[in-house]
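**Q** Fold the stuff below for me.
(chains A and B)
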Amino acid sequence: MLKRHPGRLSLLTMFVVYGALVATILSGRTPTLGLDLQGGVSVNLQPVANGEVTDDVTPEQLDQAIAIIRKRVDALGVAEPEVSRQGNTIQVQLPGATNQQQVLEIVGKTAELRFRPVLQDLGKAPSGQGRVDVEARIAELSSEIDLPEGQTATQVVERLSAEAEANSTTGQTEVPPTAEPSAPVTTTSVPSAVPGAPGTTIDPTADVTTGGGRSAMFRRQVPPPIPPTTTPVDTRAPDLSNPKFVELYQLEQQLVLAPAAPAEDTRDAEVELADRDGFIYRLGPTLLTGTAIETATAGVNQEGLWTVNPVFKEGPEGIDLFNAAAAKCNAGEPECPRSGSNPGRLAIVLDSEVLSAPAINEPSFSRDQIQISGDFTEEQAKNLAVSLRFGSLPIELQAQQAELVSATLGEDALRAGIIAGGIGLALVFAYLFAYYRLLALITLGSMSISASLLWIVMSNLNATVTLAGVVGIIVSIGISLDSSIVFFEGWKEDVLGGATVRTTVERSFSSAYATIVKADVSSLIGAGVLYWLSVGPVRGFAFYLGVMTIFDLIAAYVFLRPTSIVLARSKLADHPRRLGIPVDVVPAPSVGEPAGGAAR
Amino acid sequence: MSVWSDLYREQTDFDFPRLWPRTAVVSVVLVLVSLVSLVGVPVYCSATGNCERPPLNLSIDFEGGSTWEVPSDSFDEPAAEAVLAPYGPEAGEKFQRVTTGDGREVLRISGRVADVEVAAEIASKLGEAAGVPTGSVTVSTVGPSWGSDITRQARTSLIVFLVLVALYIAWRLETRMAIAALVAVVHDVVLTAGVYSVFQIPVTPATVIAFLTILGFSLYDTIVVYDRVQENAARFSKSGRYTYTAIMRRSLNQVFMRSLNTTLVTVIPIAVMYVVGSQVFGQQTLGDFSLALLIGLISGTYSSIFVAAPLTVWLKEREPRWRDLRSRLAARGDDPADTAWHGLGQAATAPGRPVATAAAARSGTASSAAVTSVTEGDGAAAREPGGTSRTGADPVIPPRPRKRRR
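**A** This next block holds a predicted model:
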């Protein structure tokens, strides 16, 4: 239907494309401006070994490094940070950032996987909005519960615990302030692990505050459901059974624990670090680092649970270090204390994040018979294995290129690009109107179609426009117009060759289009090669050049062609001069013997 | 009719083949000059050790260094030098005052500080000294390996691109064309690099990017010409009247206006970008891009007509098919060196050119058939008997065939 009614195709194209353009604009989506156009900090990092840039890294290592940098950068609070990998280069883009020194410091640190003993499990601490909510809830609960005058729930529990301890000979000497008010008397209720597969050597921790899969635990069989309403054994404090009191106590604990800022992760000191869900641990000095690990895999054990199997290196730099740590934790030495009746835990920390804090159930391991089990999901197990592998071969990254663009200079660059593009476009169209008359209008329409397509795609993909991209777009003006020019010249030639404007338009277009496709493919090959083989601004340039070439091919087919046919069939084409075709002068060039021929 | 009017009406028949020997000399000379400047002089220099002219004036980005831009009217070179002094004599090598589009003054400093952290520190000190807030001093630092990375990437891209495009042209068009196109591209590359070398224009990463794009442009033009040549060759070779050279000349003339227009509409925005972007707004990157693009664009247009075309002709005329055609033409008394366009019609307007009538054309190749030839010259009527004598084309010009897209 559209083939026979080119007018309908033109209209449909305009309707669809302009409609999508309006929809995009109304949706408020816009392309993202690159750093060089809006200001900010960009850093390109490359892996180095012994001070030299190296290619000897795996994509997995780089991806892990990116994940770490992304996390660090997120902590900076920049609006739309972008961390991406191009080949072996990690590109960090922080629009709006102004402190380059701080950025360099943050992204340049080498991430180390460390094994640290867990001194204390401090529970979950809310931050940000969560903290505000918690405070509000505490105020609400405090007014509802009848607490002793001027006391908080924490104080009440502490007092009661102290009394219980004094009265009980079997009581714990240590009262870990877990989030469970009844913890002092109920920690032993957690079933200890059943020895599983032959490789199973580490048993679950009895930490009741760890729910779900938030922290990988060794050989955890069944997450012990500890309802927050557990009735405390101590019946002298009946108000403790009140769920509201329990909640209040937990919330208070959370606030007490919340560190103001992420703790400084000093290697050989006691630190407080959180896992990804915000549970905080007090950790001892590093006992060994990831370089002791040879590899790690995730798999399913006989019980059908996802586990992680690290394999340590042989010798004093590998398994011996781990066994020394395991011995301490298993025995519950002060460096790695027991929690309740469970053996001490050894936290796996990567870049200040506690990945997992498994309890060590054996005093000694053989290097390839270690299994970390817990209620891992497949994803969690695989991620932990990846992190362990990354830790075994940490890559050092060095900033090879860095840029800080001030916001004003960025704006200047953008304005210069837009003005230059605008003037260039105006001049080009002035020329085209002089030369091709009415046909230039079609070209203008075709350009607006491909430009609209570009805007729609850029906005919806949230693509980044850099200065190089702007240049690419300006350069592509010429290439886009060329499709019109090849077609118009071919058409003109056919008409001068004796055909009529009307009859030849379609054939002229097909012929021209075949040429354009051939030529454009070479442009696309060029853009593609540049895009895949280069880094940074080159990619932006190549991307927009390539995209505009494709859009031009589309616009030529769905707009230039049908609209030209419509024009050719209309009354306007009665005077080919209006189309820039001077038919009235020459009868037929085929017969003529123009200038050069007689010269021999 | 003036040339312009001819151009507009596509009536030109420029004798490009006659220009080729001369342009070949020009091309060879230019390439030699480029090579001398790029390779010869540096070799001479390193041998004698008494000159310091580098083959290319590589910007600081290639060796590792930093560029700072301090937006301040009052902050001047001595003040900047005072800040940079503790960082060694090479920390501030070049100072340049730039006025931006809205009249603000910026002091641009570049020097050999390749450590990004030191550069960031200098930036904040420059900001303090100039009394502008942190973050308003633009700094761009490139480590020593970054520049060599860019060069390596450019080289890899160049090779991969050339190989892919050669394969593509060989597949869609012809192997001989692919060879000629490659030579033309290499010509452009050498020439553009030569311009940068001879005039010692600073080469920045932006230049390299633009430079790679040029290759696309250069080929684009060449492919448009080739496409037409192939079409014409298929259409006119049967007439036996035109050598490959003549067909190339015809094709070049046919696409000449398109080449001119396309070059113009491409050059205009880039030239504007150069003038407005770099001269008026002081945007160096825009200037770097556009200058390299302009040089390459001009070289690309030139090479598609004066390098790729003659080379293709040279290669094709050695093919048996076209060599035979040449000898047939010579034997017939026609001048194979005549590359002018005579149309395909039967009207005998060309002096000395035999034009077969329609009847003769229809009579086929039978050697006994009386060939009625109309000649205005003298000895041209002497014909070899046999199938080769069929010179008449169809009485009507065949329309341009509809292309089949593969």
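
**Q** Please make it C-alpha for all contacts and neighbour counts, starting now.
**A** Fine.

**Q** which parts of the stretch 1-150 of chain A sit against chain B?
**A** Within the stretch 1-150 of chain A, the positions lying close to chain B (C-alpha under 8 Å from any C-alpha of the partner chain) are A:Gly40, A:Val53, A:Ala97, A:Thr98, A:Asn99, A:Gln100, A:Gln101, A:Leu104.

**Q** Which part of the stretch 451-600 of chain A gets nearest to chain B, residue-wise?
**A** A:Gly478 (3.9 Å; C-alpha to the nearest C-alpha).

**Q** In helices only, show me the residues of the stretch 1-150 of chain A next to chain B.
**A** Taking DSSP state H, the ones among these that sit in helices are A:Gln100, A:Gln101, A:Leu104.

**Q** Surely the residue of the stretch 451-600 of chain A closest to chain B touches B:Asn261?
**A** No - counting by C-alpha atoms under 8 Å, A:Gly478 stays clear of B:Asn261, with 9.6 Å between them.

**Q** Tell me if I'm right that B:Asp188 and B:Gly300 touch.
**A** Yes - contact criterion C-alpha under 8 Å: B:Asp188 and B:Gly300 qualify, at 6.1 Å.

**Q** Please identify every residue contacting each of those two.
**A** Common neighbours of B:Asp188 and B:Gly300, using C-alpha atoms under 8 Å, 6 or more residues apart in numbering or on different chains, are B:Leu215, B:Ser218.

**Q** For A:Asn242, grab the count of nearby residues.
**A** Counted with other C-alpha atoms under 10 Å in any protein chain shown, residues neighbouring A:Asn242 total 15.

**Q** Now do the contacts for the nearest residue to A:Gly421 once chain neighbours are set aside.
**A** Distance criterion C-alpha to C-alpha, 6 or more residues apart in numbering or on different chains; nearest residue to A:Gly421, sequence neighbours excluded, is A:Ile474 at 5.8 Å. Neighbour list for A:Ile474: A:Gly421, B:Pro269, B:Ile270 [criterion: C-alpha under 8 Å, 6+ apart].

**Q** what's the closest of the residues you listed to B:Val195?
**A** B:Ile270 (18.0 Å; C-alpha to C-alpha).

**Q** so where does the residue lying closest to that closest one once chain neighbours are set aside fall, helix or strand?
**A** Nearest non-adjacent residue to B:Ile270, counting by C-alpha to C-alpha, 6+ apart: B:Ser290, 5.6 Å away. Element membership for B:Ser290, per DSSP states H and E: helix B:284-303.

**Q** Look through chain A and tell me its longest helix.
**A** If you go by DSSP H, chain A has its longest helix at helix A:501-533.

**Q** buried ones in that one?
**A** Buried residues in helix A:501-533, defined by neighbour count with 16 or more other C-alpha atoms under 10 Å in any protein chain shown: A:501-502, A:504-533.

**Q** quick one on the thing from earlier: OK, contacts around the residue of the stretch 451-600 of chain A closest to chain B?
**A** The neighbours of A:Gly478, taking C-alpha under 8 Å, 6+ apart as the test, are B:Thr262, B:Thr263, B:Val265, B:Thr266, B:Val267, B:Pro269.

**Q** So stretch A:508-516, near chain B or not?
**A** Yes - using C-alpha under 8 Å from any C-alpha, stretch A:508-516 comes into contact with chain B via A:Ser510, A:Ser511, A:Ala514, A:Thr515, A:Ile516.

**Q** distance between that stretch and the chain's centre?
**A** Offset of stretch A:508-516 from its chain centre (C-alpha atoms, centre = their mean, to the nearest Å): 43 Å.

**Q** got it, and stretch A:453-460?
**A** Distance, centroid of stretch A:453-460 to centroid of chain: 21 Å (C-alpha atoms, centre = their mean).

**Q** Contacts for that stretch, please.
**A** A:17, A:20-21, A:24, A:29-32, A:463-464, A:547-548, A:551.

**Q** if we go to 10 Å?
**A** Applying C-alpha atoms under 10 Å, 6 or more residues apart in numbering or on different chains, the contact partners of stretch A:453-460 are A:17-18, A:20-25, A:27-32, A:447-452, A:461-465, A:473, A:544, A:547-548, A:550-552, A:554-555.

**Q** With only the CA atoms kept, save that stretch in PDB.
**A** What follows is stretch A:453-460 as a C-alpha-only set of coordinates in PDB (Å, rounded to 0.1, in the frame of the first residue of the first chain):
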ATOM      1  CA  LEU A 453      15.900  10.000  15.000                       C
ATOM      2  CA  LEU A 454      19.200  10.900  16.500                       C
ATOM      3  CA  TRP A 455      17.700  13.000  19.300                       C
ATOM      4  CA  ILE A 456      15.100  10.300  20.100                       C
ATOM      5  CA  VAL A 457      17.700   7.600  20.300                       C
ATOM      6  CA  MET A 458      20.200   9.700  22.200                       C
ATOM      7  CA  SER A 459      17.600  10.800  24.700                       C
ATOM      8  CA  ASN A 460      16.100   7.400  25.300                       C
END
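
**Q** Buried residues of it, list them for me.
**A** By neighbour count on 16+ other C-alpha under 10 Å, the buried set for stretch A:453-460 is A:Leu453, A:Leu454, A:Trp455, A:Ile456, A:Val457, A:Met458, A:Ser459.

**Q** what does stretch A:87-95 give?
**A** For stretch A:87-95, by 16+ other C-alpha under 10 Å, it's A:Asn88, A:Thr89, A:Ile90, A:Gln91, A:Val92, A:Gln93, A:Leu94, A:Pro95.

**Q** Kindly reformat these as JSON lines containing pLDDT and secondary structure.
**A** Below are these laid out as JSON lines (pLDDT from 0 to 100; DSSP: H, G, I helix; E, B strand; the rest coil):
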{"residue": "A:Asn88", "pLDDT": "81", "secondary structure": "coil"}
{"residue": "A:Thr89", "pLDDT": "84", "secondary structure": "strand"}
{"residue": "A:Ile90", "pLDDT": "86", "secondary structure": "strand"}
{"residue": "A:Gln91", "pLDDT": "85", "secondary structure": "strand"}
{"residue": "A:Val92", "pLDDT": "87", "secondary structure": "strand"}
{"residue": "A:Gln93", "pLDDT": "84", "secondary structure": "strand"}
{"residue": "A:Leu94", "pLDDT": "85", "secondary structure": "strand"}
{"residue": "A:Pro95", "pLDDT": "83", "secondary structure": "strand"}
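
**Q** can I get these in a markdown table with distance to A:Ala359?
**A** Output for these, formatted as a markdown table (distance: C-alpha to C-alpha, whole Å):
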| residue | distance to A:Ala359 |
| --- | --- |
| A:Asn88 | 37 |
| A:Thr89 | 38 |
| A:Ile90 | 36 |
| A:Gln91 | 38 |
| A:Val92 | 37 |
| A:Gln93 | 40 |
| A:Leu94 | 40 |
| A:Pro95 | 43 |
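
**Q** The residues you listed: which two are farthest apart?
**A** Most distant of the buried residues of stretch A:87-95, by C-alpha to C-alpha, are A:Asn88 and A:Pro95, 22.2 Å apart.

**Q** Show me the shaky parts of the stretch 401-550 of chain A.
**A** A:535-537 (pLDDT under 70).

**Q** Which residue ranges of it form strands?
**A** A:464-465 (DSSP state E, counting those that start in this stretch).

**Q** my guess is A:Glu52 contacts B:Gly143, does it?
**A** No - assessed by C-alpha atoms under 10 Å, A:Glu52 is found out of contact with B:Gly143, at 11.2 Å.

**Q** Neighbour count for those two, which is higher?
**A** Remark: of A:Glu52 and B:Gly143, B:Gly143 carries more neighbours, 26 against 11, as counted by other C-alpha under 10 Å.

**Q** thought that one was touching A:Glu403?
**A** No - using C-alpha under 10 Å, B:Gly143 is not in contact with A:Glu403; the gap is 11.3 Å.

**Q** Which residues are in contact with each of the two?
**A** The contact sets of B:Gly143 and A:Glu403 overlap at A:Asn44, B:Ser66, B:Val116 (C-alpha under 10 Å, 6+ apart).
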